[in-house]
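[1] Next comes the sequence, and after it the predicted model I'd like to discuss.
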Amino acid sequence: MSVIRKLNAWLLWSLPLVFLGVFFFYPLGVILAYSLTRLSAFQAEVASAVLPLPVILRILGFTTWQAFLSTLLTLLVGLPGAYLLGRYQFRGKAFLQAWMGVPFMMPALVVAACFDTLLGPRGWINLGLMELFGLTAPPIQFSNTFGAILTAHVFYNTTIVLRLVGDFWSHLDRRFSQAAQVLGANRWQTLRKVILPLLTPSILAAALLVFMFDFTSFGVILVLGGPRFRTLEVEIYYQTVGLFNLPAAATLAILQLACTFTLTLLYTRLSERQRPVSMRPQTYNQARLTSWRSRLFAVVTVSFLTVFFISPLAALALRSVSRLEPDRGQRTLSSPGITLDFYRELSANRRRSLFYAPPASAISISLAYASITVALSLALGLPAAWAQARLASPKVNRLFDSLLMLPLGASAVTLGLGFILTFDQPPLDLRASPALIPLAHTLVALPFVVRSLAPALRSIKPKLRQAANVMGANAWVQFTRVELPLINRAILSAAIFAFTISLGEFGATAIISRPEYPTIPVAIFRLLSQPGGLNYGQALALSTILMFVSAAGMILIQRLRITETGEF
Amino acid sequence: MKRLCLLILVSFLATACGTPFFGKDTTAGPATLKVMTHDSFAASEDVIKAFETENNVTLQFLASGDAGTALNKAILSKGNPLADVFYGVDNTFLSRALEEDIFEPYRSPLLKEIPDEFKIDSKNRALPVDYGDVCLNYDKAYFAERSLQPPQTLDDLLKPEYRSMLVVQNPATSSPGLAFLLTTISYYGEEGYLAYWQALKDNDVLVVNDWERAYYTEFSRWGGARPIVVSYSSSPPFEVIFSETPISEPPTAVVTGAGACYRQIEFAGILKGTKNRRLAEKWIDFMLSTRFQEDIPLQMYVFPVNPAARLDEVFVKYLFKPEQPAMLDPELIAANREAWIQAWSEVVLR
């Protein structure tokens, strides 16, 4: 039996692994090997080709430092929210939670535009302060600061803490703390001695995932951090594109992959220990806001979250319907008029350009790529999740799961160039094919899909399958008639994850896209890189559209989430 | 369960609908000519159609990221080229392309119409298509309100009255940023440019990573507090064309003093190993002909190298002509790019 189980596990894992092997490890290996051979080919003149160790260490040091600080801040912001969402039931909760997830899906350029409309030199806040205190210069300098990087990272990743920790908290039996209090512990002691130790694994897992995203951050550093800051990912891009110093880029890429791999191994280890106590359904653990203390806490937390997460998004939406060219020198908070011009202009091909994409077509192209991503990542993610939940040994799971996470840590430029080198022969000449885009998106979406599906599969009571077995159902019938219907909602939520990730992806898409088929982020970038008010206004309008499409997706996820512990 | 089936069905339908445009072009019919470009390439539909019907060919454009990334892709696919023609390598990247030997020489008959100043590659591997000047732009209203004279030269930027007014891009990540660094190197020489940048820094220059941020966030015309920005000589006419409400005068102007602008020329070339040499030649000829050349400005914000191409009246009226734009030898740039940027970072970003 166990041999068969093992064999089955391998079989089920093999599909996603083959996919990963063909579309990730193979091109990545080829480009890294090619880069390093260039080193020996030019050996004489390449004393400078590989960066000196102190420089590498400095970049690695900064990358780690900013990721560490960002993670700490994200936890600080996220934990009170996680407590609120985990322990209390109140109106508008689902809505709040959904909007908190939107930033996670937005391309960095759009997030930068959000913060600019709020905190830029002529953003709403600076304008307001200038008007209020009669200042002539904007008092807040936001972009190009270390603070901007940290803020943007918190903005992006807090939703991970809310989901992982908040979900876990909501299933944590309330009777633990009640028992502690009966035994004479005060609130503080209960939190420190009972709740925190129980929460630690989920907090650590959330922290590690956040750390990983911050560690490989690219757009935020480049766009909001400005020229003084460089992470590994930014340096890889610069060495590859700016200097064509492939050996140096490859060295850094390998370093980054090694760091990511170690982190994911650690992460999967920690998230495995995450179910030590018996869990209870949310409804038993969540209370209404009845005491004044809980109400005050809720008001403070919700207002903070709203201000921090929803106001930048709202500012962007507001700006996309405001006139941008008020009278010179008299621009105040109140002067700009309301207009829908930018939305109207989106559907006019003024230049009769060949590559003009009306918003409707950019949206439908984005949707088409996203649907393919969904189909592909479900087809690959389901067997992986099933194997993970049922069959494989923890060790095998850990390794495979880390491999699956690895694409999150690879630089888009490196992988893009790898595709060029590898898929150049007729059976798989994909170099110019638009099919590459959903393939790349699937690489990114797969770990999320598996993370949504595996816990749901794990939560199915063995009794149910045993009963089916007794009644003569074979494994396939059990799967299709018992398990699939039970994880229906988890599948839908995984699907929507894949969907939104695909909608917002920009880095890889920009390198491999075909100009006739631009996605929404690509179309936004195209508009942003042209001078003139109409172009800028349209970029804002399209960003707002993307935002609402993402939000709709998140709200759908919210509604469909199964009541078991979700994982990220 | 029903919903799940529906979802899967929809996904497969989407995949199926997608297939035609994901499939390979193996069907018989017109030949396909592939043109690899950077992601700012654009052209009018009817211009491209005209070429396609005339030559019974289907054009396929491959946008391959920014100019640097696109070139890297062309270099990596050297043995088995991705496309037949590459368009979009500029004079700052030209040496990389020539050194890596990705182009086949082609002496287009139309080259004789093009002024010699644009023909940088004497072996005609890379043929000039368009040019643009990277110049300092300023916000006219800002200076008018303060009755301040806008700067005329690079030296002016060091004066105390222009303190905290300039925003530039990082030469490591931005093409106009690099062009402006090269302007200063050409103007002050390799020995003098760092001192100039030190003085600019003392006068509180602001550096951002990309053009979008400099122009739309920091430039006072759009969102910012700084009235002078590194952009293109073509930006003012485009402010008129893409204005939110019709205007007759551009709100911005260009510093055109001698040596204050940098000329970027973009080239096209036939990729080595193409199987469509004859068609590729035709396409190159077409790109140099007035039909295509006249289409360039409105589509790509740069200007035709062929002087026979007529410009739209907005450009005739509002285009600023810089005096003696600077230009450095591509080989010199290739040899020093890294060192220059490194030295610049030490001075400006520290």
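    Good, I have the coordinates.
[2] Find the nearest non-adjacent residue to whichever residue of chain A sits closest to chain B, please.
    Residue of chain A nearest chain B, by C-beta to the nearest C-beta: residue A:532 (2.6 Å). C-beta here means a position set from N, CA and C on the backbone, and glycine is covered the same way. What sits nearest to residue A:532 in space, not counting adjacent residues and going by C-beta to C-beta, 6 or more residues apart in numbering or on different chains, is residue B:242, at 2.6 Å.
[3] right, and the one you found touches residue A:538 too?
    No. With contact taken as C-beta atoms under 8 Å, residue B:242 and residue A:538 are classed as non-touching, separated by 9.4 Å.
[4] quick one: which of the two has more around it?
    For the pair residue B:242 and residue A:538, the greater number of neighbours falls to residue A:538 (27 against 19), based on other C-beta atoms under 10 Å in any protein chain shown.
[5] so what's that one scoring on pLDDT?
    We note a pLDDT of 87 for residue A:538 in this prediction.
[6] Helices of the stretch 51-200 of chain B, start to end?
    Under the criterion DSSP state H, counting those that start in this stretch, the stretch 51-200 of chain B contains helices at B:67-76, B:94-99, B:140-145, B:175-202.
[7] can you check the stretch 251-400 of chain A too?
    Shown for the stretch 251-400 of chain A, the helices assigned by DSSP H, counting those that start in this stretch span residues A:282-285, A:292-305, A:311-320, A:341-346, A:359-386, A:394-405.
[8] Select, out of those helices, the one closest to residue A:229.
    Closest to residue A:229 of those, according to C-beta to C-beta: helix A:311-320, at 20.5 Å.
[9] That closest one close to chain B?
    No. With C-beta under 8 Å from any C-beta of the partner chain as the threshold, helix A:311-320 lies outside contact range of chain B, at a closest distance of 9.6 Å.
[10] quick one: that helix to chain centroid distance?
    What separates the centre of helix A:311-320 from the centre of its chain is 21 Å, taken as C-alpha atoms, centre = their mean, to the nearest Å.
[11] What is that helix packed up against?
    Using 3 or more C-beta pairs under 8 Å, 6 or more residues apart in numbering or on different chains; DSSP states H and E as the contact test, the elements touching helix A:311-320 are helix A:108-119, helix A:533-560.
[12] Hey, what's the angle from the shortest one to helix A:311-320? Just curious.
    With axes from the mean of the first three to the mean of the last three C-alpha atoms, to 10 degrees as the criterion, the two stretches helix A:108-119 and helix A:311-320 enclose an angle of 90 degrees.
[13] how close does the residue in chain B positioned nearest to chain A sit to residue A:303?
    Chain A sits closest to residue B:242 of chain B, with a gap of 2.6 Å, by C-beta to the nearest C-beta. From residue B:242 across to residue A:303, the span is 40 Å (C-beta to C-beta, to the nearest Å).
[14] Then residue B:296?
    Plainly put, residue B:296 is 53 Å away from residue A:303 if you go by C-beta to C-beta.
[15] Residue A:105 now?
    In this structure, residue A:105 and residue A:303 are 24 Å apart, going by C-beta to C-beta.
[16] same check, this time on residue A:161
    Using C-beta to C-beta, one gets 18 Å for the distance from residue A:161 to residue A:303.
[17] Which one of those two is surrounded by more residues?
    Shown here are residue A:161 and residue A:303; by other C-beta under 10 Å, residue A:161 has more neighbours (27 against 10).
[18] So which residues of the stretch 1-150 of chain A form helices?
    Going by DSSP H, counting those that start in this stretch, the stretch 1-150 of chain A shows helices at A:2-20, A:26-41, A:53-87, A:93-101, A:108-119, A:124-133, A:146-171.
[19] and the third one, how far from the chain's centre?
    Spelled out, it's helix A:53-87. The chain centroid and the centroid of helix A:53-87 are separated by 15 Å under C-alpha atoms, centre = their mean.
[20] packing partners for it?
    The criterion is 3+ C-beta pairs under 8 Å, 6+ apart, and the helices and strands that helix A:53-87 contacts are helix A:93-101, helix A:146-171, helix A:196-215, helix A:232-237, helix A:246-272, helix A:292-305.
[21] Turn those helices into TSV, including mean pLDDT.
    Below are these laid out as TSV (pLDDT from 0 to 100):
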stretch	mean pLDDT
helix A:93-101	83
helix A:146-171	88
helix A:196-215	85
helix A:232-237	90
helix A:246-272	85
helix A:292-305	91
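[22] Where does pLDDT dip in the stretch 201-350 of chain B?
    Low-confidence segments of the stretch 201-350 of chain B (pLDDT under 70): none present.
[23] Next to chain A, which bits of it? Give me the list.
    Residues of the stretch 201-350 of chain B lying close to chain A (C-beta under 8 Å from any C-beta) are B:206-213, B:215-218, B:222-225, B:231-232, B:235, B:238-239, B:241-245, B:251, B:298-299, B:301, B:337-338, B:341, B:345, B:349.
[24] do the longest strand seen in chain B and chain A meet at all?
    With DSSP state E setting the assignment, residue counts place strand B:127-139 as the longest strand in chain B. No. Under the criterion of C-beta under 8 Å from any C-beta, chain A is not reached by strand B:127-139; the shortest gap measures 8.6 Å.
[25] Partner strands of that strand, with direction?
    Strands that pair with strand B:127-139, judged by DSSP bridges, come out as strand B:228-232 (antiparallel), strand B:252-254 (antiparallel), strand B:262-271 (antiparallel), strand B:303-304 (antiparallel).
[26] Surely residue A:412 touches residue A:512?
    No. Using C-beta under 8 Å, residue A:412 is not in contact with residue A:512, being 9.1 Å away.
[27] which bits of the stretch 401-550 of chain A sit near chain B?
    Residues of the stretch 401-550 of chain A lying near chain B by C-beta under 8 Å from any C-beta: A:413, A:416-417, A:420-421, A:424, A:429, A:431-435, A:484-485, A:488, A:491-492, A:495, A:510-517, A:522, A:525-526, A:528-537.
[28] Output the below-cut-off pLDDT ranges for the stretch 451-568 of chain A.
    Looking along the stretch 451-568 of chain A with the criterion set at pLDDT under 70, you get A:513, A:557-558, A:560-568.
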